[in-house]
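Peer 1: Predicted model and sequence below, questions to follow.
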Amino acid sequence: MKKVLTIVAVASAMALVVGSGSAVNAADKELNIQMVSKGFQHQFWQAVRTGSEQAGKALNAKITFVGPESETMVDKQLEQLQAAIDSKPDAIGYASLDPKAPLALLKKAKTAGIPVYMFDAAAGDPKDATQNEASLGATSDIAMGIARTDGVAASALAADKMAALIGGKGKVFVISHSQVNATGIQRRDGFVNQMKKKYPKITVLPVQYADGDHLKSADTVKAVIAANKDLKGVFATNEGGAIGAVDAFKELKLTKGKIKLIGFDSGAAQINAIKSGLMNGAITQDPIGIGYKTVAALVGKVRNGTAPKNFIDTGFYYYNSKNLTDPKIAAVLYQ
């Protein structure tokens, strides 16, 4: 599977660079690219790191990939961004934990002439976190652009799948990983708004937040189930929340399928839960592609002066026990 992932990421990223009219010459001197991620506690970030390093190897760039231990550690991530700027790299990739906190540092990078391209979540105006890339571009003080999943569309698809699973009526609950960073907002709003728009007989309970921590998520889900005996479904907006919901179901010894569960991202725990029937399905991103395309965009800018698109949509799929082995699905799952 790793070989398939590599081939898919390389092909798509090279198409991106070559398609912009600026093929990257790997024979040029090695570039120094700093990648500052949102964390390390989930397999998702390890997959992004893999994609970044694959791009570095293919495009002759040294990749330094860092991130805080937890996605709640904004100050730690800011320290890492400052350290990245101080190292005077050729370019920086950045996934923002907070929409406003890094703005001064990002402007500092711009002043220093260091190109920045974001991945997964952008900094910017928190009132418009679902479309922060609108304020990105070649002249932006924030970043040239972002490579990410369309979280709104992905979670709207999750809402459609959930509605089908519960017969279009009943109570559902959303356990979210953040009410601050862009991915949390996009996925929450994509799901909730789709339910309001298309499924009037489905009630979405008040969204709760557990920082992507599986223990906190499990406790939250258990409390919601206790207060809502007629709960029909749970949507978890990231890997930690999904694993927490699975743990809650296990602890409560729920009959498989009694409460439908749709997660977000991949990883061994979610895949195993889908195979066992504890989870009905999940949305998978393309984390290796996110890492690869971010590095490719930066290399193209540094080597050729080519401004990348301000938004690179890296795609998503819904997967369940029936399509796990579909080649296009298997290529973007990570364990």
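Peer 2: In hand now; what should we look at? Numbers count the residues shown, from 1 in each chain.

Peer 1: got the phi/psi numbers for the most centrally placed residue in the chain?
Peer 2: In the chain, the residue lying closest to the centroid (C-alpha atoms, centre = their mean) is residue 120, at 4.9 Å. Dihedral angles phi and psi of residue 120 (degrees, to the nearest 10) take the values phi 70, psi -60.

Peer 1: Please read off the pLDDT at it from the model.
Peer 2: Per-residue pLDDT puts residue 120 at 93.

Peer 1: residue contacts, it?
Peer 2: Each residue near residue 120 by C-beta atoms under 8 Å, 6 or more residues apart in numbering is listed here: 37-38, 48, 95, 146-149, 183, 290. Bear in mind the C-beta positions are built from the backbone N, C-alpha and C, glycine included.

Peer 1: can you name the two of the residues you listed that are farthest apart?
Peer 2: Using C-beta to C-beta, the two most remote members of the contacts of residue 120 are 37 and 149, lying 14.8 Å apart.

Peer 1: follow-up on the earlier one: drop everything from the contacts of residue 120 that is not in helices and list the rest.
Peer 2: 48, 183, 290 (DSSP state H).

Peer 1: Of the residues you listed, which is the nearest to residue 107?
Peer 2: Nearest to residue 107 among these, with distances taken as C-beta to C-beta, is residue 183, at 22.9 Å.

Peer 1: What sits closest to the closest one if chain neighbours are left out?
Peer 2: Leaving aside its sequence neighbours, residue 183 sits nearest to residue 121 (C-beta to C-beta, 6 or more residues apart in numbering; 4.8 Å).

Peer 1: Cross-check the contact I'm expecting between the one you found and residue 94.
Peer 2: No: here residue 121 lies out of contact with residue 94, judged by C-beta atoms under 8 Å, at a distance of 9.3 Å.

Peer 1: Only C-alpha atoms, please: export stretch 188-195 in PDB.
Peer 2: C-alpha atoms of stretch 188-195 as PDB (Å, rounded to 0.1, in the frame of the first residue of the first chain):
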ATOM      1  CA  ARG A 188     -18.700  21.200  11.900                       C
ATOM      2  CA  ASP A 189     -20.400  23.600   9.600                       C
ATOM      3  CA  GLY A 190     -20.400  21.300   6.600                       C
ATOM      4  CA  PHE A 191     -22.200  18.600   8.500                       C
ATOM      5  CA  VAL A 192     -24.600  20.800  10.500                       C
ATOM      6  CA  ASN A 193     -25.600  23.000   7.600                       C
ATOM      7  CA  GLN A 194     -26.200  20.100   5.300                       C
ATOM      8  CA  MET A 195     -28.500  18.500   7.800                       C
END
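
Peer 1: That stretch: which residues count as buried?
Peer 2: Neighbour-count burial for stretch 188-195 flags 188-192, 194-195 (criterion: 16 or more other C-beta atoms under 10 Å).
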